[in-house]
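1. I'll drop the sequence and a predicted model, then ask my questions.
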Amino acid sequence: MELSKNENKVSIESVGKQAIQDEKRLAKLLDEALSKHEDVRYNSFKTLLFICEEKPGVLYPKWDFFSGLLESDNAYHKQVGMYLIASLVSFDSQNKFEKISDKYFDLLNSTSVMNAGHAALNAGKIAKAKPQLRGRITELLLNMDKTYPVKERVDLVIGYAIDAFDIYFGEAEDKDRIVEFVMRQIDSSSSTTKTKAKQFLKKWENHLR
């Protein structure tokens, strides 16, 4: 029997709260996040994200484990690493992200569209949490149309860059350049990216004046 969305949310919160208190349960979650079984893997991943929000200090000591996933040959494992690292950067008192930033940002050029896209999206969370990296991240995202190696898929990846800008646009220093970049995507060959561009411009229209 499949769980409803509400039941699944309750289950994730329940398991997450247990794992916060129980190191063995937490270790099991980390193993299950890499499971070959999609349901097990997804629910474990969502539970780990819940823990990041509720008690990031529990997962911060696992930083090296998540960082190692960025080098995995498995695309899903890479994404798990990206999301959990991005969810922990606001708690990154030791500036661990700075030490792996090159490795992380290299993923923006991944020939896997999904990996590049998710790296771009999560770069938005990192930019919001780490002002000192905001300028660098903005430049990388603004140049994705020029630097992304799979030219026939670049328009799709740019949609994720728009999602990233949406996360930290309120704090961004280069608002005019970001808006110009997004406006160009109105003519994107990707209908999804075109829609994201229109939604972004409507949401932030007060900054266009």
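-> Good, I have the coordinates.

2. residue boundaries of the helices in the protein?
-> Assignment of helices within the chain using DSSP state H yields the ranges 5-21, 23-32, 38-54, 56-59, 63-69, 75-88, 96-106, 113-129, 134-142, 144-147, 154-168, 175-184, 191-203.

3. how about the CA coordinates for the third one, as CSV?
-> What it means is helix 38-54. Taking Å, rounded to 0.1, in the frame of the first residue of the first chain, the C-alpha atoms of helix 38-54 are listed here in CSV:
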residue,chain,number,x,y,z
GLU,A,38,14.4,3.8,-5.4
ASP,A,39,11.7,4.1,-2.7
VAL,A,40,14.2,3.4,0.1
ARG,A,41,16.8,5.7,-1.4
TYR,A,42,14.3,8.6,-1.9
ASN,A,43,12.7,8.4,1.5
SER,A,44,16.2,8.2,3.2
PHE,A,45,17.3,11.2,1.2
LYS,A,46,14.2,13.2,2.2
THR,A,47,14.7,12.3,5.8
LEU,A,48,18.3,13.5,5.7
LEU,A,49,17.1,16.8,4.2
PHE,A,50,14.6,17.0,7.1
ILE,A,51,17.5,16.5,9.6
CYS,A,52,19.5,19.3,7.8
GLU,A,53,16.6,21.6,8.5
GLU,A,54,15.8,20.5,12.0
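
4. Buried residues in that helix, which are they?
-> 41, 43, 44, 45, 46, 47, 48, 49, 50, 51, 52 (16 or more other CB atoms under 10 Å). The C-beta positions use only the backbone N, C-alpha and C, and glycine is treated the same way.

5. That one vs helix 23-32, what angle?
-> Interaxial angle, helix 38-54 versus helix 23-32 (axes from the mean of the first three to the mean of the last three CA atoms, to 10 degrees): 130 degrees.

6. And the residue most central in space within the chain, what's its pLDDT?
-> Taking CA atoms, centre = their mean, the centroid of the chain lies closest to residue 122, which sits 2.3 Å from it. We have a pLDDT of 98 for residue 122.

7. That one contacts residue 82, correct?
-> Yes - taking contacts as CB atoms under 8 Å, residue 122 lies within contact range of residue 82: 4.9 Å.

8. Which residues are in contact with the closest residue to the residue nearest to the centre of the chain other than its chain neighbours?
-> Distances taken as CB to CB, 6 or more residues apart in numbering put residue 86 closest to residue 122, at 3.7 Å, once the chain neighbours are dropped. By CB atoms under 8 Å, 6 or more residues apart in numbering, the contact set of residue 86 is 122, 123, 125, 126.
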